[in-house]
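Engineer: Task: produce atomic coordinates for the following.
(chains A and B)
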Amino acid sequence: MATTDRPTANTAQQFVDMQASPEFQDLRTRLRRFVFPMTAFFLIWYSTYVLLGAFAHDFMAIRVFGNVNVGLLIGLGQFLTTFLITGLYVRFANRDLDPRAAAIRAEMEGTER
Amino acid sequence: MTYLAAGETVGNPIANIGIFALFVVITMIVVIRASKKNATADEFFTGGRAFSGPQNGIAIAGDYLSAASFLGIAGAIAVYGYDGFLYSIGFLVAWLVALLLVAELLRNTGRFTMADVLSFRLKQRPVRMAAATSTLTVSLFYLLAQMAGAGGLVALLLDVKSKGGQSIVIAVVGVLMIVYVLVGGMKGTTWVQIIKAVLLIAGAGLMTVMVLAKFGLNFSEILGAAQTAVSGSADKAVAARDVLAPGAQYGASTTSKINLLSLGLALVLGTAGLPHVLMRFYTVPTAKEARRSVVWAIALIGAFYLFTLVLGYGAAALVGPDRILAAAGGQNSAAPLLAFELGGVILLGVISAVAFATILAVVAGLTITASASFAHDIYASVIKKGQVSESEQVRVSRITAVVLGIFAIALGILANGQNVAFLVALAFAIAAAANLPTIVYSLYWKRFNTRGALWSMYGGLISTLVLIVFSPAVSGAKTAMIPGVDFAWFPLANPGIVSIPLAFVLGIIGTMTSKVPGDPVLDAEMEVRSLTGVGAEKAISH
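Structural biologist: Now for the predicted structure:
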């Protein structure tokens, strides 16, 4: 089709074979096993926070120390978990995903990169 | 004029204009130097995919941190306290969706636009048409909010009070934006965003340090002083607020609480569906660099929102809610007033110039995205059925940018002074409903097909638009866009809580009811490419 933007040297059969191969399935499973639970976790944690912010004003207003209350700490906790998940994902992707993706790429493109 | 009083401009308008003019001159030089090679579509739409992850991450922060998030969030914290902070958290957490689910796979699969990915294994023309329609709608609303906001900023910072004068400034902003996009393409636009992001984050960081220094580096004392200042307000409703706990802005009724949930949902799911954010991932050479971009963006955006927390409460403590609310621009003036309080005319001038630079950089990013989508998706694929050269696509895109720019100027002048702040939240709601479900399904769900995509995209787009038209944001409330009439029947100003789940469900129902099976070969190609980067677009080497 003329509208496609797919400059690829690989044949359709190569993609189908690669998709079915154990090394690709391994990469796919590893990716999904990390990102899906992690996404579920931060969405639930964020929703909990917004629900508390909307409905649990008294709880959020409990002073912990000085003028700092529970709401502020949970809010800053959202920043902390966001930075933490980012770090965890980068470590995971660099260690578990990148070498596997690079190996498959090298096999498909016939070049070591 | 360095006098400060109710409804007055603060600082010295000449200094504000001068520092802003300096920004324009410097960015123009950079844009012209960056534009030497802009002949090919790759150069024009993606800057040759030659930006590094950190560079792109800074540019993303520049694209994302609009005037609404700088002036708006600092102001909301200063006046309403905690609820403003809640708002900023949604904007940050949203980046995890982009990092974990979207950025790298999108970079590996697409070329210029969001539609490249969505239409990869589906029917090209209808899916591209739907994706481009949603891209143009989101970009236009976002653009309109920025341009209309420029009018208020002019009154506050440049002492231009007449509507005619404000219109001229809005036109100047629009013309500058057109020039950036035409001359600089994506490369020039990216550099404008990088320069602006550095200025904005450095400026906010400097002010944060100054505020903290005034309170002996004790954040708790800032909170205490803010609450004392708010409690001492002459306005009884303001004085009654507990600004350290949630509820001052959204706590009044169950409806307003659900409204907050709805807003939170749109913010967290909208970011990874914003076309101008997605297009930025094509400006880097590899998926790994796309990942680094998001990491840098998260670090910078997170730091920036922590700064606004200090600035917002600092403004409440040092300037006080009464002076903020009485100033031209209302709560948006919290950050500029605080700058004046801390650093006098010079700091105010810098912060004002940064606020203008912010508008310029954001509208330029939106315009290049919308014009790329029109040229690449609608003109090349739908109208010309792919029989178009790349240089022709660039030409059409340039024309589109000019038309959009003129359109934005005209709408910005018309909307000046209207309450269009809801348009940014609306753009996020549309992005979350019309774009994100289809992006996620097409990247992760094998069975997903054309009907599912079209139902989800058009369903999300239309339901969000219909609900907003009949919501209190448009009519039937004091703060509505058209306050005089009342045709509202939908109680929430933020429709996301209905339209986003609806779009996800429509994608499933459409897919299940369609007899057309997906193409297993295209599915294999897309999945292998998206996860590994086989055959992904390469950077152009110079």
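Engineer: for chain B, which residue is closest to the average position?
Structural biologist: Central residue of chain B (CA atoms, centre = their mean): B:Tyr64, 4.8 Å from the mean position.
Engineer: what about B:Lys123, distance to A:Arg105?
Structural biologist: Separation of B:Lys123 from A:Arg105 (CB to CB, to the nearest Å) stands at 29 Å. In short, each C-beta sits where N, CA and C put it, glycine included.
Engineer: Could I get the CA-only coordinates of stretch A:42-53 as CSV?
Structural biologist: The C-alpha coordinates for stretch A:42-53 follow below in CSV (Å, rounded to 0.1, in the frame of the first residue of the first chain):
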residue,chain,number,x,y,z
PHE,A,42,0.3,3.4,40.4
LEU,A,43,-3.2,3.9,39.0
ILE,A,44,-4.8,2.4,42.2
TRP,A,45,-2.4,4.3,44.4
TYR,A,46,-3.2,7.6,42.6
SER,A,47,-6.9,6.9,42.6
THR,A,48,-6.8,6.2,46.4
TYR,A,49,-5.0,9.5,46.8
VAL,A,50,-7.6,11.5,44.7
LEU,A,51,-10.5,9.7,46.5
LEU,A,52,-9.0,10.6,49.9
GLY,A,53,-8.5,14.2,48.6
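Engineer: And it, what's buried?
Structural biologist: A:42-43, A:45-46, A:49-50, A:52-53 (16 or more other CB atoms under 10 Å in any protein chain shown).
Engineer: Mind checking the pLDDT average for that stretch?
Structural biologist: The average pLDDT within stretch A:42-53 is 95.
Engineer: now that stretch: how far from the chain's centre is it?
Structural biologist: In terms of CA atoms, centre = their mean, to the nearest Å, the centre of stretch A:42-53 is found 18 Å from the chain centre.
Engineer: Residues contacting that stretch, please?
Structural biologist: The list of residues contacting stretch A:42-53 from outside it, by CB atoms under 8 Å, 6 or more residues apart in numbering or on different chains, reads A:59-60, A:71, A:74-75, A:77-78, A:81-82, A:85, B:82-83, B:86, B:89-90, B:93, B:96, B:246, B:260-261, B:264, B:268.
Engineer: if you set the cut-off to 7 Å instead, what comes out?
Structural biologist: Under the criterion CB atoms under 7 Å, 6 or more residues apart in numbering or on different chains, residues A:59-60, A:71, A:74, A:78, A:81, A:85, B:86, B:93, B:96, B:246, B:260-261, B:264, B:268 lie in contact with stretch A:42-53.
Engineer: And what about the closest residue to chain A within the stretch 201-350 of chain B, helix, strand or coil?
Structural biologist: Scanning the stretch 201-350 of chain B for proximity to chain A using CB to the nearest CB identifies B:Ser220 as nearest, at 3.2 Å. Here B:Ser220 is helix, with the state taken from DSSP: H, G, I helix; E, B strand; the rest coil.
Engineer: so what's it closest to, chain neighbours aside?
Structural biologist: A:Gly66 (3.2 Å; CB to CB, 6 or more residues apart in numbering or on different chains).
Engineer: can you give me phi and psi for that neighbour?
Structural biologist: Phi and psi for A:Gly66, reported as degrees, to the nearest 10, are phi 50, psi -130.
Engineer: doesn't B:Ile222 make contact with it?
Structural biologist: No. Judged on CB atoms under 7 Å, A:Gly66 makes no contact with B:Ile222 at a distance of 10.3 Å.
Engineer: Lovely, talk soon.
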